[in-house]
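Enquirer: structural data only, the sequence is not supplied:
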């Protein structure tokens with residue numbers, strides 16, 4: 001279970017047991033009877049993260065947020081991606097600065113700004129890295145302004161990697177917000193949108209949607225990584241078989257064995273490779289959940305190999321088996337527990353805690369997958 005307030009977790013389960021907008025066991029929309037009993041996944045609500053008070057289990061006050069613009073800037077506004085380790089939760093967030101103009105004005109109206117939130121569970125504090133006017137005074141970012149952060153991941157040494165699609169860079173920061181490195185020099189990245197970090201092999205995988213490739217780097221930003229064939233450049237999507245190439249690689253995830261899952265948001269497919277870059281399988285996600293139009297954004301894999309894909313158009317999560325068989329959908333449009341409104345990034349940690357960036361609702365929803 002996620003580290004945090006035990007009382008808060010009990011209250012979350014109690015809410016679910018009362019049937020308020022969610023349930024402890026999620027049954028797929030296309031399952032019934034014995035089939036549902038066999039495939040239904042148990043997913044329990046844990047908590048919602050918005051600001052520092054939420055780490056302490058304090059109730060969110062929408063009225064106070066609207067009245068206090070300074071306090072509002074210390075809350076998530078539009079979180080787009082999320083990553084977690086046993087001690088911290090890392091989130092990329094954007095907001096319109098004209099909604100929070102101070103007196104006298106310190107920012108340009110109509111500008112968009114991006115920042116990084118780090119929720120520290122042990123200290124029950126939140127650090128915010130980004131440009132003014134993020135209060136309290138944000139940690140330095142060496143004058144680096146994030147424009148379009150689309151993914152975040154952290155390596156074993158604590159380096160925070162953030163992909164900025166608009167600038168064509170992956171930035172590496174330390175936990176104090178100081179920039180340590182950049183990946184993408186010389187135009188080697190066009191539009192990086194997805195990230196995954198293999199802490200065992202010290203690799204950073206980058207999904208470049210414009211180049212239609214997934215590229216591997218060392219955790220120091222070097223292009224040659226160590227594989228079973230020695231040191232070499234490792235790029236996914238350069239197959240002589242057209243069916244094994246990407247149209248728009250959008251998001252990445254790793255399973256417990258280091259296999260790489262690539263979500264192609266244009267062709268609506270998931271590709272799976274081993275850690276040496278060898279193609280293993282591909283499965284379509286286009287007809288899942290009733291065959292309606294989809295806009296897929298994030299991907300994650302739990303400890304039993306279930307694959308979770310976020311659908312921002314229909315405000316739901318699609319769940320597949322390890323082999324790619326569609327199992328069920330999770331969620332609907334709304335703002336209560338178990339509801340989503342533009343679920344963008346998703347991450348599952350080693351304890352099967354599921355973190356979902358619920359973008360338009362301005363929150364991170366945290367759940368836990370319960371093994372059957």
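Expert: Nice, I can see it. This structure is a prediction, so every number in the text was calculated from the model and none was measured. Numbers count the residues shown, from 1 in each chain.

Enquirer: flag the shaky bits of this structure, pLDDT-wise.
Expert: Per-residue confidence of the chain (counting by pLDDT under 70) places the weak regions at 1-39, 60-70, 96-112, 131-143, 291, 371-372.

Enquirer: swap in 80 and give it another go.
Expert: Across the chain, the stretches falling below the confidence threshold (pLDDT under 80) are 1-40, 58-73, 96-112, 131-144, 186, 287, 289-293, 371-372.

Enquirer: walk me through the domains of it.
Expert: Following the TED database, the chain resolves into domains at 38-75, 88-369.

Enquirer: surely residue 226 and residue 201 touch.
Expert: Yes - judged on Cβ atoms under 8 Å, residue 226 makes contact with residue 201 at a distance of 7.3 Å. All C-beta spots, glycine's among them, are computed from the backbone N, C-alpha and C.

Enquirer: could I get the domains of the chain in TSV, plus columns for distance to residue 82 and mean neighbour count?
Expert: Written out in TSV, the entries for these read as follows (distance: least, Cβ to Cβ, whole Å; neighbours: other Cβ atoms under 10 Å):
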stretch	distance to residue 82	mean neighbour count
domain 38-75	9	16
domain 88-369	5	19
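
Enquirer: wait, which of those is closest to residue 81?
Expert: domain 88-369 (3.5 Å; Cβ to Cβ).

Enquirer: ends of that closest one, what's the gap?
Expert: Looking at domain 88-369, the gap from its leading to its trailing residue is 19 Å under the measure Cα to Cα, to the nearest Å.

Enquirer: and stretch 254-268, by the same measure?
Expert: Between the opening and closing residues of stretch 254-268 lies a distance of 18 Å (Cα to Cα).

Enquirer: next: stretch 285-297.
Expert: 12 Å.

Enquirer: which other residues reach it?
Expert: The list of residues contacting stretch 285-297 from outside it, by Cβ atoms under 8 Å, 6 or more residues apart in numbering, reads 29-30, 250-251, 263, 265, 268-270, 309-314, 316, 318, 320, 326, 329, 343-345.

Enquirer: stretch 218-228 too?
Expert: Contacts with stretch 218-228, where a contact means Cβ under 8 Å, 6+ apart, come from 155-157, 159, 172, 181-183, 188, 197, 201-204, 215-217, 231-234, 275-277.

Enquirer: same question for stretch 195-204.
Expert: Taking contacts as Cβ under 8 Å, 6+ apart, the residues outside stretch 195-204 that touch it are 151-156, 161-163, 170, 183, 205-207, 216-219, 221, 225-226, 252-254, 258, 260, 275.

Enquirer: mind doing that once more with 7 Å?
Expert: With contacts defined as Cβ atoms under 7 Å, 6 or more residues apart in numbering, stretch 195-204 is touched by 151-156, 161, 163, 170, 205-206, 216-219, 225, 252-254, 258, 260, 275.

Enquirer: inside strands: which ones of these?
Expert: Judged by DSSP state E, strands contain the following of the contacts of stretch 195-204: 151-154, 161, 163, 170, 205-206, 216-218, 225, 252-254, 260.

Enquirer: so of the contacts of stretch 218-228, which ones are in helices?
Expert: If you go by DSSP state H, the contacts of stretch 218-228 have nothing in helices.

Enquirer: nearest spatial neighbour of residue 281, skipping sequence neighbours?
Expert: Closest residue in space to residue 281, ignoring its immediate chain neighbours: residue 272 at 5.0 Å, by Cβ to Cβ, 6 or more residues apart in numbering.

Enquirer: the helix or strand encompassing the one you found - contacts with which helices or strands?
Expert: Secondary structure assigned from DSSP states H and E places residue 272 in strand 269-273. The criterion is 3 or more Cβ pairs under 7 Å, 6 or more residues apart in numbering; DSSP states H and E, and the helices and strands that strand 269-273 contacts are strand 260-264, strand 279-284.

Enquirer: re the thing from before, strands - which of the contacts of stretch 285-297 land there?
Expert: Counting by DSSP E, those contribute 250-251, 263, 269-270, 309-311, 316, 318, 320, 326, 329, 343-345 to strands.

Enquirer: let me know the closest of these to residue 84.
Expert: Nearest to residue 84 among these, with distances taken as Cβ to Cβ, is residue 345, at 11.0 Å.
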